[in-house]
Structure formats: C-alpha cells, structure tokens
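K.L.:
Sequence first, then the predicted structure:
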Amino acid sequence: MIRFEGAGMRHPDGTIAVEGLDLEVPTGRITVLVGPSGCGKTTLLRMVNRMVEPTSGRVLLDDTDVAELEPAKLRRGIGYVIQQAGLFPHRKVIDNIATVPYLLGWDRKKARARAAELLELVGLAPETAKRYPFQLSGGQQQRVGVARALAADPPVLLMDEPFSAVDPVVRAGLQEELLRLQSELHKTVLFVTHDIEEAVRLGDQVVVLREHGRIAQLADPHTLLTTPADEGVAAFLGRDRGLRGLALRPASGVRLRPVGDGLRYGGWELALDDGHRPIGWIDRDAVTAELHPAAAFRPDADTLRTALDAAVLSPAGVAVALDAEGRVTGTASREAVLAALRPDASGSPAAGPSATGPSATGSPAADAPVRTDKPPAAGGHPDDTGGPGRTGSTGSTDGADGGR
Ligand SMILES: Nc1ncnc2c1ncn2[C@@H]1O[C@H](COP(=O)(O)OP(=O)(O)OP(=O)(O)O)[C@@H](O)[C@H]1O
C-alpha cells in the first residue's frame, strides 16, 4: 500500500503544487488521480518514486517512508510509464524492455528472454523486438512502455497519462489491455489522467482532485457518477455522467426475449445462418432482400452501454444477444436494456463496483446468469408470428418487444 500522510510540495518560487494530502492507495488495485491541469497530479505521482521530494508530510510504501530508501533502488522496484512512452530511441525494443533487468545485473540472455515474454504479454508480435522505437506506432510504443515498466515485476506501477498521446480507438485498446493485465498481475497502480472517462473505466477508486492536490471526492466509479460530492465534482464529471455509468454496469442483468418466441419484430426479421448466428435484419416490406447489420452484445461479457448501443443501432429496435460462439441467445429492446438499470434488476451496483469492467474476469455481477423471460400465459406480441421454422409461445413481459 502507498500512503500519503499530510504530503505537501511547495516549489522554491513559493508555488504550492500539493498541500496536506492524506490518501491511501490500496495494494493490488488501480487508483486513478483525475483533475484539472495544474492540480498537482504529476507532483503526487512523482513523490512516490522520489522524483519529487515532499516539502511537508511523507509518503509511505508498505509502511516505510520512501525518504529512507535510496532513490535508484526504490525506482527499480516501481514501474513508471509516462506519456509518449519515453523509450530510448537508440535502443531496440527488446533492450528498451530489458532496461531494468540490465540495471539489476541480470545476464543478457535472461533479461532478453524476460523482455520477449513481456512483449507477448502486452500483445506485440515477436518481430517487434528487433525494431527501434521510431519504427513503431504511438500505441505500440505505449505497449512497449508498459512492458518496460513491468520487466522486473515490480509490485507498484506509476502511470502518468500513459495513453493520452494516442487516438481514441488505440487508447480504448490500451485501456482494455491494462485491465486484462491487471486481472492477471494485481499490481498496485497509481494512474494519472485528466480524462474522467478513462478514470471511471480503469479505476477501482477514483480520486478527483482540485487545486493544490486537495481531494474533492474519493469514490468507486459508480458512486462517483451517481453521487458526486458537490456541484464542482458534478460539473467536472460532465452532463452525461448518467449515460457514462452504463459502461460500468454488466449487460448480464438484461432480461432477454428468448429466440424461441420468434425473430420477427414489426416489419423486420432477423436472418440466421445454419449455426444460429445472425446474418442481418431483413425488411419484410422491402422489394429487395437487403440485409441490415444486426448489432449485437454479449450478456456475459459486455456492458449495458454496448447493449443499449446495439438496440439503438438496430433497425428493428432490438439488440441481438449472443453467446461466446456468436450464436443468438435472445433479443432485448431498448426498454429491456434500460429496465436493467432499475435498482431491483440483477447486475445492480449492489454487486460491487465493476472496476475492471464486466469483460474482465472477477466481476461478480458479470457472472450472474442471464435471465430470460417466461412467456406470458396468454396473448403475445402482436407482430410476432414466429421466426423461420420456429413456433411456440410468443410475447414478453418486460417490454422486450420490437416494432417500429
Ligand atoms: N518547477 C516549478 N516551479 C514552480 N511551479 C511549478 C513547477 N512545476 C510545476 N509547478 C506547478 O505546480 C502545480 C502542480 O503541477 P503538476 O504538474 O503536478 O500538475 P498536474 O495536475 O499534473 O498538471 P497537468 O495535468 O497539466 O500535467 C502547477 O500549478 C504547476 O504550475
């Protein structure tokens, strides 16, 4: 655990970077520091590896004041990832990754073998090893930066806006990768960002800072989004914080309409291949049999945001639910997705903050069984005439009906 005790830092010119901060960074979890530019995030991070010395208070690493530890030794036990990776341009990727093992005196062969292992761990092809950093994309460089920080298997990782120099798609991939790594490695991560979206996606706990490193709020992502401490925090979270919260909720709570009820919704029909995988939506009134993409989600692996997105994109107004093999297991209307937000719906946040997101392992709510509707005793959906080759009861009780 990292503990800041009344930690403060005043620059020689009198500028206060951080003042009297008390904060605990729990072992094996991701703590994200987020806040506006200049609020002291980087200063705080660098106090941990003594790149910045506090001018008041102290920082403890597993109950030892870091001031008592020799800086070079301390830093070898702490992985550090910065914006734009900060790789050595004249060293091959493999040697960049092996930097700390070399410093620790490992023999070259062992250090390189470890580096090759890490290259694979962060999702880079083995041939990347022989390249120089300028021969890699920004996202690949960041992966190398993460691999380098992990090389000596340090228990602590400091990450200072590591993904902010790459485009949003690459960034989302890197975030996903970090969560996957963390589900295996359980490092104590202190992560700095100014992006609240990134903070709630990655953090087990999120610390919203304001000027001079003062804590405006410390909470798990769900609590932060639903219960901001004050108007300042609410403003910082943005007006769409409710929608953003959808990304923290597993889609396992969505009540599905079973496929046995048919695959027709209003004038739309879902076409399946022989393996029960969706081919697309067909407009039954159209002259040509044009296929419209069947936006889908996986209840066991995706969030409510993905499920809602799939329902919104669907011409029939229903999202298609798939199992891990891509077979259709049911459908869910927009209303059915939103119904999963009700406090009594399964997959509620009472199951605990899904800090690593439901697609990562270990989220209790993500493991919840998919609930399916019981067909009503009588009646059914007026548009439901049964899917191709399917008969049986129709309708649903949860508003999971489509139509247009
Ligand atoms: N060498 C310095 N001399 C004086 N003031 C400094 C110095 N370095 C940083 N500061 C100030 O300390 C404060 C905290 O800086 P810090 O870099 O920790 O903020 P930050 O939250 O990480 O900002 P950003 O998000 O822009 O990177 C800022 O007000 C900054 O202007």
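P.N.:
Great, that's in hand.

K.L.:
the longest helix in the chain is where?
P.N.:
Longest helix in the chain, counting residues (DSSP state H): helix 168-185.

K.L.:
which other helices and strands contact the following helix or strand past that helix?
P.N.:
Going down the chain from helix 168-185, the next helix or strand is strand 188-193, by DSSP states H and E. Strand 188-193 sits against strand 30-34, helix 41-48, strand 156-160, helix 196-202, with contacts defined as 3 or more C-beta pairs under 8 Å, 6 or more residues apart in numbering; DSSP states H and E. Quick note: C-beta positions are derived from backbone N, CA and C, even for glycine.

K.L.:
partners of the first one in the sheet?
P.N.:
With DSSP bridges as the test, strand 30-34 is paired with strand 188-193 (parallel), strand 205-210 (parallel).

K.L.:
Any chance of those in JSON lines with mean pLDDT as columns?
P.N.:
JSON lines is the format used below for the strands paired with strand 30-34 (pLDDT from 0 to 100):
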{"stretch": "strand 188-193", "mean pLDDT": "95"}
{"stretch": "strand 205-210", "mean pLDDT": "96"}
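
K.L.:
Quick one: these as CSV, columns for distance to the ligand and mean neighbour count too.
P.N.:
Shown next, in CSV, are the strands paired with strand 30-34 (distance: least, C-beta to the nearest ligand atom, whole Å; neighbours: other C-beta atoms under 10 Å):
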stretch, distance to the ligand, mean neighbour count
strand 188-193, 6, 24
strand 205-210, 7, 23
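
K.L.:
possible to save these as a markdown table with distance to residue 26?
P.N.:
Formatted as a markdown table, the strands paired with strand 30-34 follow (distance: least, C-beta to C-beta, whole Å):
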| stretch | distance to residue 26 |
| --- | --- |
| strand 188-193 | 7 |
| strand 205-210 | 7 |
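
K.L.:
same question for the longest helix of the chain, mean pLDDT?
P.N.:
If you average the pLDDT over helix 168-185, you get 85.

K.L.:
for it, which positions count as buried?
P.N.:
Using 16 or more other C-beta atoms under 10 Å as the test for burial, helix 168-185 gives 170, 171, 173, 174, 175, 176, 177, 178, 179, 180, 181, 182.

K.L.:
How about residue 60: which residues does it bridge to?
P.N.:
Beta bridges link residue 60 to residue 3, residue 65 when assigned by DSSP bridges.

K.L.:
how about it, what does it touch?
P.N.:
Contacts here follow C-beta atoms under 8 Å, 6 or more residues apart in numbering; on that basis residue 60 touches 1, 2, 3, 5, 66.

K.L.:
follow-up on the earlier one: give the other helices and strands that the longest helix of the chain contacts.
P.N.:
helix 138-150, helix 196-202.

K.L.:
The ligand is nearest to which of the ones you listed?
P.N.:
helix 196-202 (12.6 Å; C-beta to the nearest ligand atom).

K.L.:
so does the closest one get close to the ligand?
P.N.:
No - Helix 196-202 stays clear of the ligand (C-beta under 6 Å from any ligand atom), getting no nearer than 12.6 Å.

K.L.:
what's the pLDDT at residue 384?
P.N.:
In the predicted model, residue 384 carries a pLDDT score of 33.

K.L.:
Same question for residue 112.
P.N.:
In this model, residue 112 is scored at 90, pLDDT.

K.L.:
again, but for residue 352
P.N.:
Looking at residue 352, its pLDDT reads 36.

K.L.:
ok, now residue 202?
P.N.:
So, for residue 202, pLDDT stands at 93.

K.L.:
for residue 380, same thing?
P.N.:
For residue 380, the model assigns a pLDDT of 33.

K.L.:
let's have the chain start at 31 instead
P.N.:
From this message on, residue numbering opens at 31, which makes the last subject residue 410.

K.L.:
So what's the gap between the longest helix of the chain and the chain middle?
P.N.:
Distance of helix 198-215 from the chain centroid (C-alpha atoms, centre = their mean, to the nearest Å) equals 7 Å.

K.L.:
mind saving the C-alpha coords of that helix as PDB?
P.N.:
Output of helix 198-215 as PDB, limited to C-alpha atoms (Å, rounded to 0.1, in the frame of the first residue of the first chain):
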ATOM      1  CA  PRO A 198      -9.300   7.300 -29.000                       C
ATOM      2  CA  VAL A 199      -9.600   3.900 -30.700                       C
ATOM      3  CA  VAL A 200      -6.000   2.900 -29.800                       C
ATOM      4  CA  ARG A 201      -6.500   4.400 -26.400                       C
ATOM      5  CA  ALA A 202      -9.500   2.200 -25.700                       C
ATOM      6  CA  GLY A 203      -7.500  -0.800 -26.800                       C
ATOM      7  CA  LEU A 204      -4.700   0.100 -24.400                       C
ATOM      8  CA  GLN A 205      -7.100   0.600 -21.600                       C
ATOM      9  CA  GLU A 206      -8.700  -2.800 -22.300                       C
ATOM     10  CA  GLU A 207      -5.200  -4.300 -22.300                       C
ATOM     11  CA  LEU A 208      -4.300  -2.700 -19.000                       C
ATOM     12  CA  LEU A 209      -7.400  -4.100 -17.400                       C
ATOM     13  CA  ARG A 210      -6.600  -7.500 -18.800                       C
ATOM     14  CA  LEU A 211      -3.100  -7.400 -17.500                       C
ATOM     15  CA  GLN A 212      -4.300  -6.100 -14.100                       C
ATOM     16  CA  SER A 213      -6.700  -9.000 -13.800                       C
ATOM     17  CA  GLU A 214      -3.700 -11.300 -14.000                       C
ATOM     18  CA  LEU A 215      -1.000  -9.300 -12.300                       C
END
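
K.L.:
ok, and the most crowded of the contacts of residue 90?
P.N.:
Highest neighbour count within the contacts of residue 90: residue 32, with 21 neighbours (other C-beta atoms under 10 Å).

K.L.:
From what I see, it and residue 93 are in contact.
P.N.:
No - assessed by C-beta atoms under 8 Å, residue 32 is found out of contact with residue 93, at 10.4 Å.

K.L.:
among the strands paired with strand 60-64, which is nearest residue 258?
P.N.:
strand 235-240 (8.4 Å; C-beta to C-beta).

K.L.:
hang on, the earlier thing: output the helices and strands packed on strand 218-223 as JSON lines; include the columns mean neighbour count.
P.N.:
Below are those laid out as JSON lines (neighbours: other C-beta atoms under 10 Å):
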{"stretch": "strand 60-64", "mean neighbour count": "25"}
{"stretch": "helix 71-78", "mean neighbour count": "23"}
{"stretch": "strand 186-190", "mean neighbour count": "23"}
{"stretch": "helix 226-232", "mean neighbour count": "23"}
